[in-house]
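In: what shape does this take:
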Amino acid sequence: MNKKFEYLYRGAFTMLKINLDAEERIKAESDAMVAMSANVTVEGKLEGGILGGLGRMLSGEKFFFQTLAAHHGPGQVYLSPSTPGDIMELEMDGTNYVLQKDGFFAASEGISISAKVQNLVQGLFSGEGFFVLKATGRGILFVSSYGSIHPLDLAPGEEIIIDNAHLVAWPDTMNYNIEKASSGWISSFTSGEGLVCRFRGPGRVLIQTRNPKGFGAWIRQFIPTKSN
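Out: Below is the predicted model of the structure:
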């Protein structure tokens, strides 16, 4: 356990406990707070102004963050993501990260979260749209997933192919290409794997073990329609 934070109920329903020093602040996704000490305050913040908020909305993130601050002494906060899954920390010491639209969970005050515009091909075919999130600065970044988080460490020149719905985060120094999962369009369609992302090392890519889009499609088959 890190003296500054602790993961509780690790697995499908992870909760994050953070120990704040006096006057220390932390930002988190909107509605992440579960409980907090009586001397901790929470308020909505619009980081980056109106344009920054709009950019995050276009990437699929909420317009506002929540900022939690301890006053007149240390305090504790408990945070949980909106979807069942895991949480993982990234020590940011100069490396910037790109996050899929639901990847950001919380961060120390020295980290900024903004929208990043993808190129035309990535925006059309990556499944993430034209905007993704970019984390810059120094401190601790917490990312969340649907399912567990698994790191993939790539050596220089090593390549790996990842279903875009399973991406969580990757360094912004890593490039990826969009391609068909199979050699032909019919084979890609019938296999259930359409377009994928080919990453090239060096670098670490974080993936999630479950596909939220696939789960949504599975749920929809049980929802009655008007015709039923």
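In: quick one: distance of the helix or strand containing Ala106 to the chain centre.
Out: Counting by DSSP states H and E, the element that carries Ala106 is strand 104-108. Chain-centre distance of strand 104-108: 9 Å, with Cα atoms, centre = their mean, to the nearest Å.
In: bridging residues for Trp170?
Out: Val98 (DSSP bridges).
In: ditto for Ile18
Out: According to DSSP bridges, beta-bridge pairing links Ile18 with Phe5, Val77.
In: hmm, it is touching Gly75, no?
Out: No. With contact defined as Cβ atoms under 8 Å, Ile18 and Gly75 do not form a contacting pair (9.2 Å). Using the backbone N, CA and C atoms, a C-beta is placed for each residue, glycine as well.
In: among those two, which residue is more densely surrounded?
Out: Neighbour comparison, Ile18 and Gly75: the larger count goes to Ile18, with 24 against 21 (by other Cβ atoms under 10 Å).
In: gap between that one and Phe105?
Out: 11 Å (Cβ to Cβ, to the nearest Å).
In: what sits in contact with each of those two?
Out: Listed as contacting both Ile18 and Phe105 by Cβ atoms under 8 Å, 6 or more residues apart in numbering are Leu79.
In: scan this structure for its longest strand.
Out: Secondary structure of the chain read by DSSP state E shows that its longest strand is strand 131-144.
In: partner strands of it, with direction?
Out: strand 87-93 (antiparallel), strand 97-99 (antiparallel), strand 104-108 (antiparallel), strand 111-117 (antiparallel).
In: flag every buried residue along stretch 135-142.
Out: In terms of neighbour count (16 or more other Cβ atoms under 10 Å), stretch 135-142 has its buried residues at 135-137, 139-142.
In: please name the nearest non-neighbouring residue to Asn177.
Out: Arg198 (4.8 Å; Cβ to Cβ, 6 or more residues apart in numbering).
In: do I have it right that that neighbour meets Lys180?
Out: No. Applying Cβ under 8 Å, one finds Arg198 not in contact with Lys180, separated by 10.5 Å.
In: quick one, which of those two is more surrounded?
Out: A count of neighbours by other Cβ under 10 Å puts Lys180 above the other of Arg198 and Lys180, at 16 against 13.
In: distance of the more buried one from Gln208?
Out: Lys180 is 22 Å from Gln208, by Cβ to Cβ.
In: what's the helix or strand for Lys213?
Out: Using DSSP H and E, Lys213 sits in helix 212-220.
In: which parts of this protein are helices?
Out: Counting by DSSP state H, the segments of the chain that form helices are 49-58, 120-125, 185-191, 212-220.
In: next, the residue nearest the centre of the chain: phi, psi?
Out: Using Cα atoms, centre = their mean, the residue of the chain that lies closest to the mean C-alpha position is Gly103, 0.7 Å off. Main-chain torsions, Gly103, degrees, to the nearest 10: phi -80, psi -30.
In: could we number from 575 for the rest of this?
Out: Happy to do that; since the first residue is 575 now, the last one works out to Gly677.
In: I'd say it and Ser718 touch.
Out: Yes. With contacts counted by Cβ under 8 Å, Gly677 reaches Ser718, the gap being 6.8 Å.
In: mind listing what's buried in stretch 669-689?
Out: Across stretch 669-689, burial judged by 16+ other Cβ under 10 Å covers 669-682, 685-689.
In: now swap in stretch 649-660 and tell me
Out: Of all the residues in stretch 649-660, those buried under the rule 16+ other Cβ under 10 Å are 649-655, 657, 659-660.
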